[in-house]
Structure formats: C-alpha cells, structure tokens
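fold the stuff below for me.
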Amino acid sequence: MNTQKNQRWLKLPRRRLSVGAVVSGLVAFMLLVVPSASTVPAAEAAATSGDWVPLAAGPAPASSPLAGFVPFAGAYSSMPHSMEWFYLPVNAVVTGPGTFNWASLETQLNAIAGRGHQAVFRFYLDYPGKATGIPAYLLQSGLSTHRYADHQNRGVSVSPDYEDPRLVSALEGFVAAFGARYDGDPRIGFIQMGLLGFWGEWHTFPHDGWGSPENWFASTATQGRVLASYTKAFRKTKLQVRYPDAANKSLNVGYHDDSFAVQTLPGIGWHFVDKLRQSGTTGKWLTQPVGGELRVEIQDCIFETPMRCPVIESGADNDFSGSVAATHASWLLNHRAFSPGYTGQTLANAKAASQSLGYRFQATAFALTRGAVSGQSDLTVKVNNAGVAPFYYDWPIQVAAADSGGKIVRTWTTSWKLSGVKPGTPVQWKTTVGGVPPGYYTLLMRPVNPLATGVPLRFANASQDKTLAGWLTLGRKYLPAP
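Take a look at the predicted model:
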C-alpha cells in the first residue's frame, strides 16, 4: 500500500454527501460485483424466475389406453382402439376340484398383447346358445341345472343351481387362483366378474321371479360370496359388476352397462342410472370404472346423421352423449365400429364418440424454478382432465431431459398420480430434476403403459409426440451444474 498517498486521503477535508450521491455510489458498486443479465444464460434466468410457460392445446388422441370403443378380440384397423374383449367358459380353466389349466386364457391375453392392446373379459357358466361353461366334474357329481329356450338358446346351455354348496365353493376356489395368478397383469385392462346368470350378466331374466314365478338366479348370500372372493383376490386390477346395488356399494368394484344408450338414462325405474341412484352409487365413477356394451340393436344407426334408430323398447334412450355424461363411461364394446365398420360422416361421428369416453388429459403450463439443493431444479406442471372420467390406474409418470438431437440424457420417475386428476379439477404436479451436465435441454413427460407394446397414454396438446413418440414436449430450459 502507498502509505503516503493513504495519509493524504485521510487529511482531506470532510464533505457532506448528498443522498443521491450515496445511491449512485451503491449502484456503481453493485454493478461491479453483480454480473449483468447478459452473463447469465437466458434459459437459466427463466428457470429461476418461476414464470409459467403455457402449453398449447391439441386434438384429442386418436386412441387412449383403457378407453374408447372396443371390438371382440381380433385384428381390426377400421377404428383406433386400445383394448379387445372376450368371454371364456369356466370349464376352459377349471379341470377338476382345485385344478386349473390357464392355457386358453394365456392364448387370448398373449394374442391381444401381441396386437398392442389390453384385454377386458369375463368368465361364464351359462351363455345362451353356447355349450355349458360348468366344470364337468360338477355336472358329473349331480349339480342340478335348468334347461331353457329363451334368448335363442334352444336348450343348448343350462342354468345351474347357484345355491349348491359345491358350485359356490368351486367358484370361490377358482376366483382365488385367478387373482393369485393375474392380479396386476399388464395385459389386462379390466375384469368383469361374470360367473353368475345368463352371459355372466348377473340375471336370469325371465326366470327371475318377475318375468316368471320361478327364480333361478343366485341368492343375495351367494352373490355376496362371489363379490367377496373377487375383491379379496384382485387388489390391483380393476373389477366391474353388472348392476349397482346396496351389496356392492362399498366395495372396490365398478360397473358395466350392457344395454348402453337404450336402458341407461333414468326415469323408467330400472334403468342403469336409476339403479345408481337407488343404490347411492352415482358418484362411484370417481374411483371405480364404468364400461359396458353399446346396445347391439342400435350400433348400426346411432352415429348416423340424422340419427335414425327406432325405439326398440318402451322407455329406450337412443341418446349416446346423454348416456356418456350420466354414467361417466370409460369404454364400450361396439363391434359394429370394427366389423364391418362405418364409413363417411358416420365413421367420423363414431370416432368422435369413442374419443368422448373416459379421460382426456391436457397439460396447460409448466415452470422450472431453482431447487433447494445446488444443481437441482423444481419442475411444476399444471394438468387438467377435460374428459368425463378419471384414469383408474397410477401408471408411473416419467420426466426426461433430451439433448438438441432429441436423445434422452436422463429420465426421472415421479410420484405423480394419474388417478388424482379428476374431470374439472386441475392439479399441479411438482418434482425435482438435476444431475446432468449444465446446459440447455428439452424437458419431456409421459405416463408409462406397463404393457410395453401397449398404446401410449397421450395428452391433448399440440406438442405431444413433437420431440419423441409417446412423450409430451414441455419446453427447452437450462439446467444448472450439479
């Protein structure tokens, strides 16, 4: 230090500094120690500012996993779809007391998965017009059955005595083994309980005490045992039963309306929504799925312009959109859409109708902010469900950082829950990203279908699949050094 010069400075006369001079001095000092905005990458500055970046809406995905129209199992290309439907007789699997051969089920599941789809199905004991599904050993042991000509059966199938303890015990054992082997299987979308009644639809009309004096259907006690068996055996895969009622109100089961858009809307007293109201289950769709079958007699005409379907029975709805809104249905069996298929405006209407089922996720904005730990950033995404139903599984949701060539550098699996995004109730998801070399990255997001060959779950955003197929592009941001 120059002591002499320092001493001269000490001897200078004191002067009163104005407030303006002080402020000017502080500003000059700050400019010396704080880098200018031009020295900080613009994307990093944005990352620390917390500004929301809007995400443009896009069209509804052509096909969404576990939603939309469904054909009977087979290869069809006339309409985008993600699931296939089939029935199986119980005796295809149950070969003896406590013995099972799952080959027939494996064949179906593998064929459907091989086409990139997931399965929805049910087992039956009694299918009008088809050979009995009752295990042979039960018939040989003297199980009582009823022959009938209804539903074009002509005596082919038989209705079993559902109160025979041997049959009930066999069903409980079958369901337990079924669940032990297949609960959570990624090849399966939904399982309908089936087993009881014609087609496994939980009724024996007209032999039900109303259409005729005799009632062949299972008692409340037997129904309860089947319900209990299924809900104990299946904790991951979602279940559906035909009719809403007090016995299944509190159980983790959804419903399937197999006379959709004919016996759906309320007012007649026994339609599907009437039963929802009577059983206090109108809000159950928020946690349990609703599916079913578009009534066969109107599949040919319901999407024509103008709609020309006849009223096929008293009190029939013939109201597709109203039935969707009332039930919050996620999927419907509509084989007519696939074989022989629709054409022209009817096809366009049917595709829109299929897309109206289930969920429709849209990310509306995202933000990147500085994390609590150096080198980490907090990513927040706003998500809305513009559909009529939730998504009922919590498939893993991943976030990824891709380089300028579109190659993923790192992927993070979040704790975000798809099932929590209810229609009309937007959510904000937040997670931490980091641990990559500092630089600019394109941030991506996707739910992961557990079926590797399955249809990707896409968002209704313009940037869906923009960078990589199956991924939603959020935007380009700067990630700091770890």
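
three-state assignment of Val168?
helix (DSSP: H, G, I helix; E, B strand; the rest coil).

list the contacts for it?
162, 222, 225-226 (CB atoms under 8 Å, 6 or more residues apart in numbering). The way it works is simple: take the backbone N, C-alpha and C, and place the C-beta from them, glycine included.

ok, which pair from those residues is furthest apart?
Tyr162 and Arg225 (10.2 Å; CB to CB).

more crowded one of these two?
Just comparing Tyr162 and Arg225: by other CB atoms under 10 Å the higher neighbour count belongs to Tyr162, 21 against 17.

do I have it right that the more buried one meets His203?
No: Tyr162 is not in contact with His203 according to CB atoms under 8 Å; the separation is 11.9 Å.

mutual contacts of the two, please.
Phe217.

now do the strands in the stretch 301-450 of the chain.
Secondary structure of the stretch 301-450 of the chain (DSSP state E, counting those that start in this stretch): strands at 331-333, 361-370, 376-385, 397-402, 408-413, 427-434, 439-447.

distance of Trp416 relative to Ala363?
11 Å (CB to CB, to the nearest Å).

before we move on, what about Gly375?
When Gly375 is compared with Ala363 (using CB to CB), they lie 25 Å apart.

just send the strands of the stretch 301-450 of the chain back as JSON lines, with mean neighbour count, mean pLDDT and distance to Gly98 too.
Putting those into JSON lines (neighbours: other CB atoms under 10 Å; pLDDT from 0 to 100; distance: least, CB to CB, whole Å) gives the following:
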{"stretch": "strand 331-333", "mean neighbour count": "27", "mean pLDDT": "98", "distance to Gly98": "33"}
{"stretch": "strand 361-370", "mean neighbour count": "20", "mean pLDDT": "97", "distance to Gly98": "44"}
{"stretch": "strand 376-385", "mean neighbour count": "20", "mean pLDDT": "97", "distance to Gly98": "44"}
{"stretch": "strand 397-402", "mean neighbour count": "21", "mean pLDDT": "98", "distance to Gly98": "41"}
{"stretch": "strand 408-413", "mean neighbour count": "14", "mean pLDDT": "98", "distance to Gly98": "40"}
{"stretch": "strand 427-434", "mean neighbour count": "17", "mean pLDDT": "97", "distance to Gly98": "46"}
{"stretch": "strand 439-447", "mean neighbour count": "21", "mean pLDDT": "98", "distance to Gly98": "39"}
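
would you turn these into CSV with distance to Trp199?
Output for the strands of the stretch 301-450 of the chain, formatted as CSV (distance: least, CB to CB, whole Å):
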stretch, distance to Trp199
strand 331-333, 12
strand 361-370, 34
strand 376-385, 33
strand 397-402, 37
strand 408-413, 41
strand 427-434, 39
strand 439-447, 34
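
right, and those - which one's nearest Pro186?
strand 439-447 (13.3 Å).

how far off strand 376-385 does that closest one point, in degrees?
Relative orientation of strand 439-447 versus strand 376-385 (axes from the mean of the first three to the mean of the last three CA atoms, to 10 degrees): 40 degrees.

check contacts around Arg336.
294, 296, 299-300, 342.

try Arg122
87-88, 191-195, 200.

where along the stretch 51-200 of the chain do the helices fall?
103-114, 136-140, 165-182 (DSSP state H, counting those that start in this stretch).

in the longest one, what counts as buried?
Neighbour counts using 16 or more other CB atoms under 10 Å place 167-168, 170-175, 177-179, 182 of helix 165-182 among the buried residues.

same question, the shortest one
Buried residues in helix 136-140, defined by neighbour count with 16+ other CB under 10 Å: 137-138.

same question for it, mean pLDDT?
Taken as a whole, helix 136-140 has a mean pLDDT of 98.

what's that helix packed up against?
helix 165-182 (3 or more CB pairs under 8 Å, 6 or more residues apart in numbering; DSSP states H and E).

what about the nearest residue to Glu313 once chain neighbours are set aside, how many residues nearby?
Among residues not flanking Glu313 along the chain, Val262 sits closest, at 6.9 Å (CB to CB, 6 or more residues apart in numbering). Burial of Val262 is recorded as 26 neighbouring residues (other CB under 10 Å).

spatially central residue for the chain, please.
Phe391 (3.3 Å; CA atoms, centre = their mean).

what's near enough to touch it?
Contacts of Phe391 (CB under 8 Å, 6+ apart): 66, 358-359, 361, 418-419, 421, 457.

does Leu195 touch Ile134 like I think?
No: contact between Leu195 and Ile134 fails when scored by CB under 8 Å: they sit 10.7 Å apart.

common neighbours of these two, please.
With CB under 8 Å, 6+ apart as the test, Leu195 and Ile134 both reach 90, 125.

closest to Gly371 out of the contacts of Arg122?
Out of these, the member with the shortest distance to Gly371 (by CB to CB) is Ile191, at 42.3 Å.

run through the bridge partners of the closest one.
Phe121, Leu239 (DSSP bridges).

please enumerate the strands of the stretch 51-200 of the chain.
53-54, 68-70, 83-89, 94-96, 99-100, 118-126, 145-147, 158-160, 188-198.

how about these, which one is nearest Gly435?
strand 53-54 (22.2 Å).

which residues are in contact with the closest one?
So strand 53-54 is contacted by 364-367, 474-475 (CB under 8 Å, 6+ apart).

re the thing from before, among the contacts of Val168, which lie within strands?
Secondary structure from DSSP state E places none of the contacts of Val168 in strands.

which among the residues you listed gets closest to Glu214?
Among the contacts of Val168, and counting by CB to CB, the member closest to Glu214 is Tyr162, at 13.0 Å.

how far away is that closest one from Asp185?
Distance from Tyr162 to Asp185, by CB to CB: 28 Å.

if Ile397 is in a bridge, with which residues?
Under the criterion used here (DSSP bridges), Ile397 is bridged to Pro447.

now Thr442. Nearest residue, chain neighbours left out?
Nearest one to Thr442, counting by CB to CB, 6+ apart, is Ala402 at 4.5 Å.

pretty sure Gly155 is touching Arg147, no?
Yes: Gly155 is in contact with Arg147 according to CB under 8 Å; the separation is 5.1 Å.

who's more crowded, the two?
Arg147 (11 against 8).

what are the bridge partners for the more buried one, then?
Residues in beta-bridge contact with Arg147 (DSSP bridges): Val158.

my guess is it meets Val158, correct?
Yes: between Arg147 and Val158 there is a contact at 5.6 Å, judged by CB under 8 Å.

what's around Pro80, how many residues?
That count, for Pro80 with other CB under 10 Å as the rule, works out to 16.

what do you get for the one 4 residues further on?
Close neighbours of Glu84, defined as other CB under 10 Å, add up to 26.

what's across from it in the sheet?
Counting by DSSP bridges, the residues bridging with Glu84 are Ala119.

please consider this matter closed, and thank you.
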